[in-house]
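Trainee: Requesting a structural model of the entry that follows:
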Amino acid sequence: MKRVRLGKTDMYVNAIGLGCMGLTHASGLPTPKEEAVEILRKAHDMGYDFYDTAECYTGVNPDGSTAYNEEVVGEAVKPFRKDIILCTKFGVKHMGDHLEFDSSPETIRKSLEGSLKKLQTDYVDIYYQHRIDPKVEPEVVAGVMKELIEEGKIKAWGISETNEEYLRRAHAVCPVTVIENRYSMMARWHENLMPVCKELGITYVAFSPLANGALTGAYQSKKAFGSGEQDFRPDMPQYSEEGIKKTNELLEVVSQIGEKHHATNAQMSLAWMINKYDFIIPIPGSRKLDRLQSNFEAGNVELGQEEVKTIDDKLNTMEFKVFGGH
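Mentor: Coordinates of the predicted model:
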């Protein structure tokens with residue numbers, strides 16, 4: 001599997017990373033901690049070496065206690081901490097029906113100390129601003145990141161759901177190593193950032209690369225999610241009757257190409273982007289080991305540029321309504 005360089009650093013990872021959010025947040029009741037730790041350790045055995053979490057990825061356990069994603073990840077990676085790239089994020093609080101943003105210098109430092117404790121480590125490889133805080137200028141955030149790098153508390157930093165202006169202004173103060181924005185076949189509104197990333201030498205980390213599971217083709221109705229307790233997906237527009245119909249139309253084209261490569265729809269969705277750009281890392285996640293293995297093996301699927309173009313041509317005739325944007 002090809003290795004992807006993180007920005008202009010000396011850090012390299014496999015082409016498929018691991019999004020850890022769903023173990024505790026937004027995908028149903030949290031996975032019991034011991035089980036979640038085992039899943040993440042087995043993922044490392046498969047070859048995953050890029051682990052993505054965040055301060056705000058929490059859920060509520062059946063006993064009413066809080067399930068902290070960072071605690072699960074920190075416990076899991078202890079045996080191989082030095083062998084992976086560990087990423088977490090600051091600046092977002094989930095407040096029921098909305099998010100609150102706080103990227104003040106004081107909050108950044110307080111958040112990092114809390115994350116280091118939960119992750120059981122003394123440094124973070126990549127520290128992300130989780131969302132742009134309209135109250136704080138990018139130069140201020142970048143200045144704090146520069147200090148944290150100099151102090152050895154983080155190796156590099158990134159911005160999640162950034163735009164070009166914010167990215168350039170921040171990058172001018174302290175070089176940004178990665179951005180983490182939503183990107184999938186069904187969510188392409190950030191493609192204008194690809195030339196910017198290439199120009200500045202920034203790696204693009206794609207979250208929700210399977211459109212919250214829609215591109216697997218596995219969910220053909222809202223009933224597939226069971227009770228839906230602590231699960232955000234049933235209310236997403238891609239799982240409306242119209243959304244599922246559109247997704248299936250796209251997957252007809254994807255699966256035809258996939259058959260030639262003995263690749264699933266999910267694998268094709270990941271292979272499509274890593275064969276299109278050499279500076280992108282999708283971070284799918286799952287609680288199921290077979291899906292984790294299948295997702296990782298997508299990094300070995302080699303698509304020809306004509307095959308990528310066939311998919312793009314189909315996408316250019318379609319408009320999707322998905323969670324998080326258009």
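Trainee: Looking at the chain, which helix is longest?
Mentor: The single longest helix within the chain, with elements called by DSSP state H, is helix 241-260.
Trainee: what are the phi and psi angles of Leu99?
Mentor: Torsion angles at Leu99 (phi, psi; degrees, to the nearest 10) stand at phi -110, psi 150.
Trainee: and it, how many neighbours does it have?
Mentor: Residues near Leu99, counting by other CB atoms under 10 Å, number 13. For glycine as for every other residue, the C-beta is placed from the backbone atoms N, C-alpha and C.
Trainee: Identify the residues contacting it.
Mentor: Contact analysis of Leu99 by CB atoms under 8 Å, 6 or more residues apart in numbering lists 92-93, 131.
Trainee: picking up where we left off before, what helices or strands is the longest helix of the chain leaning on?
Mentor: When contacts are defined as 3 or more CB pairs under 8 Å, 6 or more residues apart in numbering; DSSP states H and E, helix 241-260 packs onto helix 265-276, helix 305-315.
Trainee: Who are the packing partners of the shortest one?
Mentor: Helices and strands touching helix 305-315, by 3+ CB pairs under 8 Å, 6+ apart, are helix 241-260, helix 265-276.
Trainee: among the ones you listed, which is nearest Glu319?
Mentor: helix 241-260 (8.4 Å; CB to CB).
Trainee: And for the one helix or strand in the chain whose mean pLDDT sits lowest, what's in contact with it?
Mentor: Scoring the helices and strands of the chain by mean pLDDT, DSSP states H and E places strand 92-95 at the bottom, with a mean of 88. For strand 92-95, the external contacting residues (CB under 8 Å, 6+ apart) are 54-56, 58, 99-102, 130-131.
Trainee: Make a ChimeraX selection of the buried ones in these.
Mentor: In ChimeraX, this line selects whichever of those come out buried by 16 or more other CB atoms under 10 Å:
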select :54,55,56,58,101,102,130,131
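Trainee: which among the contacts of strand 92-95 gets closest to Gly28?
Mentor: In terms of CB to CB, no member of those lies closer to Gly28 than Thr58, at 13.7 Å.
Trainee: From Thr317, how far off is the closest one?
Mentor: Noted for Thr58: a distance of 40 Å to Thr317, by CB to CB, to the nearest Å.
Trainee: Find the residue ranges of the protein scoring beneath the pLDDT cut-off.
Mentor: The chain contains residues with pLDDT under 70 at 27, 219-235, 237, 324-326.
Trainee: where exactly do the strands run in it?
Mentor: 3-5, 12-14, 18-19, 50-52, 58-60, 66-68, 85-90, 92-95, 98-101, 124-129, 154-160, 178-182, 203-207, 280-282 (DSSP state E).
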